[in-house]
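[1] Predicted coordinates and the sequence they were generated for:
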Amino acid sequence: MTTAVDTATEIRPATGAPRFLSRIDVGRLMTHLSLLLLVVLWTFPTAGLLISSLRDKDQLAVSGWWTALTTSESQAVTRLPTADTQVQKDGKWVITGNVFGTDSNKQLGAFGTSNNEPAAAVPGASLPMSDGGTITIQVDGSFVWSSDKQFTFTRAPRIFYEVAIPPRFTLDNYKEVLTANGVARSFLNSFTVTIPATIIPILMAAFAAYALAWMRFPFRGFIVALVVGLLVVPLQMSLIPLLSMYNNIAKFFGAEDGKTYLGIWLAHTAFGLPLAIYLLRNYMAGLPKEIMESARIDGASHFKIFTGMVLPLSFPALASFSIFQFLWVWNDLLVAMVFLGAQEGKLVLTGKLVSLLGSRGNNWEILTAGAFVTIVVPLIVFFSLQRYFVRGLLAGSVK
Amino acid sequence: MALDSVAGGPARDRSWSRTSILAVALIAAIIVIWLINAYVIDAAFGSAVATALHQILNAITAVAIALAACFAYFWGSNWLLDRVLSSSPAMNEDVETRRDLRRSAIRPWLFILPALLFLVIYLVYPVIETVRLSLFDKYAQSFVGFNNYAWALTDGGFWQAALNNLGWLIIVPLFSTAFGLVIATLADRIWWGGIAKSLVFMPMAISFVGASVIWKFVYAYKGPGMAQIGVLNAIVTGLGFPPQAWITVPFLNSFLLMIILIWIQTGFAMVILSAALRGVPEETLEAARIDGANGFRIFFDIMIPQIWGTIIVVWTTITIVVLKVFDIIFAMTNGQWNTEVLANFMFKWMFVNFDYGRGSTVAVIIMLAVLPIMIWNIRRANAEEGTR
């Protein structure tokens, strides 16, 4: 290795360029830049979602998330209060108030009294009004309209202005989505579906995997082939017969339909089993043969070898499978829709998000916050247990 | 050390006490949760909170009961087997051997039975039943032969879905694998490559529906003259073109939906290919370098051929994901504007039109498309079995 590099440097002709320039490797620079570009391409959609979900919902609707840190400017109009709000003060008739109402976040850029000239005066300056007197508006939107004569207008005039909204980040969108839109309930439903569906298959799969890896019996090869084959069977093949089966069972027990949590737990358990058996069997088959054999010679039964030795040793593979199953069940839409249905009380997060896409398709403050609530749990699982996830992925496909 | 604990003798008593403690704890937990669920919650909380708590406790009970059932079955059946067919040196030698043999013939089936039962009920039987239903009419009442298949072959909607699926099948695996390979190669040479890989890998954890919302926001459309909030339209208007409602533009919209899946699957391809690249022997690369090959030659002539097997595995795995893709189309367009694919088409016939025959037929056709890969996988697994 070193020899090759050394020769390469020596035979490079001296070009006379400054030494530090020749040290900058164009190839390496290109590598850095292209990878950076790809990473940005891969992360900007998620970043946009996260940033948007934290923005003020009025700003979110009118400006792109990449402008989130800049002040957004727009034009607006407010009708002044009616004449009966006037008070007499120091011999003058005065109407006061704030063009922004109670919103304290905005800043006035300029104002005017007609649609044609919304920027006739700067904040703090005065403009004559057609209904008499002059008006002065400050940066914070508070105005004083004063006149020597009593105001007698019947229709309050409008004030036009340019408003600057400084960047504002808030958790309001999350508050709204969790309380008003039933996402909190779906969050609970997702956990209700996912946790049992992740735990139930593990022990069953582990026993089967051990038998397929270390015990001899007829049809073993056939069962292994069956498991490998079932790994890729489209779920679409299972839906109709299972749904009729569930409905028949429900009818037998007098329930109105077969859409229960128990039903979906068992369905997810079964759908996860091929991968579980496959992963665990591969892992267990790789455990050292000598240990098994000496334990057998010492008179330990298969049951004891399995529970006392193989199961604890297989922890990494069990962890890999649990993460897979957790992510797959949490992220699943199809199975949940078919076996749990679309009733409001039973919607899982993915189903809820689809229904929000339909009913609130243009309310991006709802959609972005809702989507982030859906993906936050998998992201936490993913980033904290990435090692096991990758290991499982490698064991499951490169073979 | 590890051996002692399983090899009988004093360790036996220890494992006995451990199992019994576990069993008692499990049963006690179930009873306690059941009591809380039945008597405490409704008395202590308002109805909304109580509903949520009931749901949580029911789920916990289900986990506990499932674990207890597994435990009882595996431990109990093994114990029973050893008890019923017990053997000892004091016996007649023939009887002893016969009993030993019979025990070891039965035990694997005890281990494998629950899993096998689940697989047969939830996967094997439904596959057979779906094939049967595809030969029956809408109500699964009368036999219609291959009429449903004839319908599919002449139905415009089916062909549109099938052709779109074909496009997905070619484009998604191609770009996912290519991007995955490029990113893996680049990242392995750079100190911050680990972080880069993590970020590219992250979409793997996001649901298809979540990813759909993320990308729908990228494609978001506002009328001309308004400030665009979608990145794509912001770029397009920034270049001086009018904004587009991208999702409704036929042909282009299918590609935009494919990008979502490519975005998700590239991370998978990258992780697998990165591991394969690290397995390429350093000597072969070194030899090429000494021969004066440049980076591109080394990549295409030395590295790619050595990881070709892995590339095929990645390609087929993504192909299977593509064949089953449903959530993205369902969430983004529900098949409108010429974006239909088979899985969504099947869902419509099954759960919107309630046509068992045609729904099953489309499912069987998806299955037929998966079949070659399935057979290839099984043969590969068998070959591996032979080498072990």
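    Sure, I can see it.

[2] Three-state assignment for the residue lying closest to residue A:115 once chain neighbours are set aside, please.
    Spatial nearest neighbour of residue A:115, excluding adjacent residues (C-beta to C-beta, 6 or more residues apart in numbering or on different chains): residue A:160 at 6.0 Å. (Glycine included, C-beta is placed from N, CA and C.) Of the three states, residue A:160 takes strand under DSSP: H, G, I helix; E, B strand; the rest coil.

[3] how about residue A:160, what does it touch?
    By C-beta atoms under 8 Å, 6 or more residues apart in numbering or on different chains, the residues touching residue A:160 are A:75-77, A:111-115, A:117-118.

[4] quick one: least confident helix or strand in chain A?
    helix A:2-11 (a mean of 42; mean pLDDT, DSSP states H and E).

[5] any low-confidence regions in the chain?
    Reading this off chain A. A:1-24, A:103-104, A:396-399 (pLDDT under 70).

[6] Can you look at chain B instead?
    In chain B, residues with pLDDT under 70: B:1-17, B:386-388.

[7] How is it partitioned into domains?
    B:2-133, B:147-387 (automatic domain parsing).

[8] which stretches of the stretch 1-150 of chain B form helices?
    In the stretch 1-150 of chain B, the helices defined using DSSP state H, counting those that start in this stretch lie at B:2-6, B:10-35, B:41-44, B:47-84, B:93-119, B:125-133, B:147-154.

[9] what's the neighbour count on the closest residue to residue B:181 other than its chain neighbours?
    Nearest residue to residue B:181 in three dimensions, chain neighbours excluded: residue B:273, at 5.2 Å (C-beta to C-beta, 6+ apart). Neighbourhood size, residue B:273 [other C-beta atoms under 10 Å in any protein chain shown]: 24.

[10] Name all residues that make contact with residue A:276.
    A:201-202, A:205-206, A:209, A:321, A:325.

[11] gap between it and residue B:371?
    23 Å (C-beta to C-beta, to the nearest Å).

[12] can you pull out the strands in chain A?
    A:72-79, A:87-89, A:92-98, A:107-112, A:126-128, A:134-137, A:142-147, A:158-165 (DSSP state E).

[13] Out of those strands, which gets nearest to residue B:49?
    Of all these, it is strand A:158-165 that lies closest to residue B:49, at 38.7 Å by C-beta to C-beta.

[14] and that closest one, which strands flank it?
    Using DSSP bridges, strand A:158-165 pairs in its sheet with strand A:72-79 (antiparallel), strand A:107-112 (antiparallel).

[15] ok and the longest one relative to strand A:92-98, angle-wise?
    Interaxial angle of strand A:72-79 relative to strand A:92-98 (axes from the mean of the first three to the mean of the last three C-alpha atoms, to 10 degrees): 140 degrees.

[16] The shortest one too?
    Taking the same axes, to 10 degrees, one finds strand A:107-112 and strand A:92-98 inclined to each other by 140 degrees.

[17] and strand A:107-112, which residues are buried?
    Of all the residues in strand A:107-112, those buried under the rule 16 or more other C-beta atoms under 10 Å in any protein chain shown are A:107-112.

[18] List the contacts of residue 176.
    Defaulting to chain A. A:365-366, A:369.

[19] Chain B was what I was after
    Counted by C-beta under 8 Å, 6+ apart, residue B:176 has contacts B:261-262, B:265-266, B:268-269, B:314, B:318.

[20] which one is it nearest to, not counting chain neighbours?
    Here the residue nearest residue B:176, using C-beta to C-beta, 6+ apart, is residue B:265, at 4.0 Å.

[21] That neighbour: neighbouring residues, count only.
    Residue B:265: 24 neighbours (other C-beta under 10 Å).
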